[in-house]
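**Student:** only geometry, no sequence info:
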């Protein structure tokens, strides 16, 4: 009976949260920016491929998806954590609880709302774009491209849930926005720094002095460690190194789902404790 | 019926509300009074199950209220002092959200009629973000009464309302009280509460200073009821004698033959006795009125405040 009542409230809350978001310009700007960046990267990748793109078309969208996922992860988690932290700072969250809504209802509605927004922007829009490109140019839409997009969406979701935990944990909720932002920039920075020092800043001749050796060692260590700590590194490995076997992808998605569930439970516990 | 059973609230060992017990009967209205930080909102939050009490319980119709008491919460309406959410939808959509949440029957009719009642009909399709503070406040009042709640809780009743808004709200609250709604009101403006309130709770820094029915509190804090009569000029001494016969001590004769006196609290039949004596003495009364003490008087007495008089500046 109670779960029925709760589910009813969740549905109503989610409907109106979505309605409010769709009435705001930031979500539309984000969606347009995402599509623009994805198009830019994807078209650039297609342009720079000299071989027959109809043979090697599998990996075309890997890098654009990775880059867009990184950008979106930052922006979606930023927007959503701003919104949720504002709900806490201004005690709006508590206002919902005065009605037939409890903390689980609120949290679930917030997660569903942002998951749907994330799904729309990170997965649905680029997928539609890929199919449009197929009709225009004939570049086939492969299952790997779709899976890559799905992986990107899952990483964004995990970062959003991590942000929720920070919001629920921190005393001054708005500070959590910066914590999550810095964490993501750090994670993504490791990948870029490692790529730059290990691919481009290497001595050309054996006799050259390796001035970047220290940095290369540090970033190699950080990169190797972040495989187990950062979803971005795992996504990068899956999408950009051609190791995306179905087992790897599904294991990664399974791990992300488990992490998401744990983060949700922790966020709920922390919220309940905050109210007590 | 709302029962506060030894309710206390502590935050990291700091007591914000000392043990408090009270039974608010159905259909009655209670004012929670006190300065800022007295614990009024904490008590309201506990009454709605938003925060759990550290000790004790709050029971509504014999059910302990908690965060997940969905059915109970549907019978309660709440107006908070600050309530800013869903700002990017129209007033009608906002109310439809609450109508869905509270399962209001015939929501469109109810929304339209309440918006018109509170004089917000013209702004129905406008986004809430464009509303003034007073309009938002009116909208929150509509939202709280939309589902015809059995209990209505209003935090800072008149906050942000203009005089017309206050009068509309008072009219609405009077109608709800007549229909049997239990009211819990907190306000800083005490002058308008007199006619609406039956019970009083006065808090100060988490301590319950006074709680009970209004009449009982007047008696226990020895706050007098005042009677005022206007008689013919020649009959003023006779009327004074009648009053003295009824053990009235504090008699003051004012201009235009008005006699003001303190109604003795130990004589419950005073009004009937006075009427009988006046008839026997053939005194022609131009007017006779009794005035209950004002909540303000009780509040200042309980809080040991000195009333600001003419010599305050």
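**Tutor:** Arrived safely, thanks for sending. Only a predicted model underlies this, so the values are computations on that prediction, with no experimental measurement involved.
**Student:** quick one: the helices in the chain?
**Tutor:** Picking chain A for this. Assigned helices in chain A, in chain order: A:2-22, A:25-48, A:62-89, A:92-97, A:103-118, A:125-137, A:143-169, A:175-195, A:213-229, A:231-240, A:246-275 (criterion: DSSP state H).
**Student:** my bad, chain B
**Tutor:** Read by DSSP H, chain B holds these helices, from start to end of the chain: B:40-47, B:70-73, B:91-101, B:107-117, B:133-145, B:163-178, B:214-220, B:236-245, B:270-280, B:295-302.
**Student:** and stretch B:206-223, how far out from the chain's middle?
**Tutor:** Relative to the chain's own centre, stretch B:206-223 is displaced by 14 Å; criterion: Cα atoms, centre = their mean, to the nearest Å.
**Student:** typo on my end, it should be stretch A:192-203
**Tutor:** Taking Cα atoms, centre = their mean, one finds the center of stretch A:192-203 at 25 Å from the center of the full chain.
**Student:** quick one: mean pLDDT over that stretch.
**Tutor:** Stretch A:192-203 comes out with an average pLDDT of 79.
**Student:** what's the neighbour count on residue A:40?
**Tutor:** Here the count is done by other Cβ atoms under 10 Å in any protein chain shown, and residue A:40 has 13 residues near it. All C-beta spots, glycine's among them, are computed from the backbone N, C-alpha and C.
**Student:** no no, residue B:3
**Tutor:** Applying other Cβ under 10 Å, we find 18 other residues in the vicinity of residue B:3.
**Student:** hmm, back to that, got a markdown table for the helices of chain B, with distance to residue A:219 and mean neighbour count too?
**Tutor:** Formatted as a markdown table, the entries for the helices of chain B read as follows, by distance: least, Cβ to Cβ, whole Å; neighbours: other Cβ atoms under 10 Å in any protein chain shown:
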| stretch | distance to residue A:219 | mean neighbour count |
| --- | --- | --- |
| helix B:40-47 | 50 | 22 |
| helix B:70-73 | 53 | 20 |
| helix B:91-101 | 50 | 22 |
| helix B:107-117 | 60 | 16 |
| helix B:133-145 | 53 | 22 |
| helix B:163-178 | 63 | 15 |
| helix B:214-220 | 74 | 16 |
| helix B:236-245 | 98 | 17 |
| helix B:270-280 | 92 | 14 |
| helix B:295-302 | 69 | 18 |
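**Student:** save these as CSV, and put in mean pLDDT and distance to residue A:196 too.
**Tutor:** Supplementary listing: those in CSV, determined by pLDDT from 0 to 100; distance: least, Cβ to Cβ, whole Å:
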stretch, mean pLDDT, distance to residue A:196
helix B:40-47, 88, 53
helix B:70-73, 88, 55
helix B:91-101, 91, 50
helix B:107-117, 92, 60
helix B:133-145, 89, 52
helix B:163-178, 88, 63
helix B:214-220, 83, 77
helix B:236-245, 89, 100
helix B:270-280, 88, 94
helix B:295-302, 83, 71
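**Student:** so which of the ones you listed is nearest residue A:66?
**Tutor:** helix B:91-101 (38.8 Å; Cβ to Cβ).
**Student:** kindly calculate the angle that the closest one makes with helix B:133-145.
**Tutor:** With axes from the mean of the first three to the mean of the last three Cα atoms, to 10 degrees as the criterion, the two stretches helix B:91-101 and helix B:133-145 enclose an angle of 20 degrees.
**Student:** now do helix B:91-101: which elements does it pack against?
**Tutor:** Contact partners of helix B:91-101 among helices and strands, from 3 or more Cβ pairs under 8 Å, 6 or more residues apart in numbering or on different chains; DSSP states H and E: helix A:2-22, helix B:107-117, helix B:133-145.
**Student:** one step back: can I get the helices of chain B in TSV including distance to residue A:116?
**Tutor:** Below are the helices of chain B laid out as TSV (distance: least, Cβ to Cβ, whole Å):
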stretch	distance to residue A:116
helix B:40-47	31
helix B:70-73	24
helix B:91-101	18
helix B:107-117	25
helix B:133-145	26
helix B:163-178	38
helix B:214-220	53
helix B:236-245	77
helix B:270-280	68
helix B:295-302	51
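**Student:** of all those, which one is nearest residue B:226?
**Tutor:** Of the helices of chain B, the one closest to residue B:226 (Cβ to Cβ) turns out to be helix B:295-302, at 10.2 Å.
**Student:** how about residues contacting the closest one?
**Tutor:** By Cβ atoms under 8 Å, 6 or more residues apart in numbering or on different chains, the residues outside helix B:295-302 that reach it are B:31, B:33, B:190-191, B:193-194, B:197, B:200, B:202, B:209-210, B:214, B:217-218, B:221, B:223, B:305-307.
**Student:** now the helices of chain A in JSON lines, with distance to residue B:262?
**Tutor:** Shown next, in JSON lines, are these (distance: least, Cβ to Cβ, whole Å):
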{"stretch": "helix A:2-22", "distance to residue B:262": "55"}
{"stretch": "helix A:25-48", "distance to residue B:262": "66"}
{"stretch": "helix A:62-89", "distance to residue B:262": "52"}
{"stretch": "helix A:92-97", "distance to residue B:262": "47"}
{"stretch": "helix A:103-118", "distance to residue B:262": "54"}
{"stretch": "helix A:125-137", "distance to residue B:262": "79"}
{"stretch": "helix A:143-169", "distance to residue B:262": "59"}
{"stretch": "helix A:175-195", "distance to residue B:262": "60"}
{"stretch": "helix A:213-229", "distance to residue B:262": "79"}
{"stretch": "helix A:231-240", "distance to residue B:262": "78"}
{"stretch": "helix A:246-275", "distance to residue B:262": "50"}
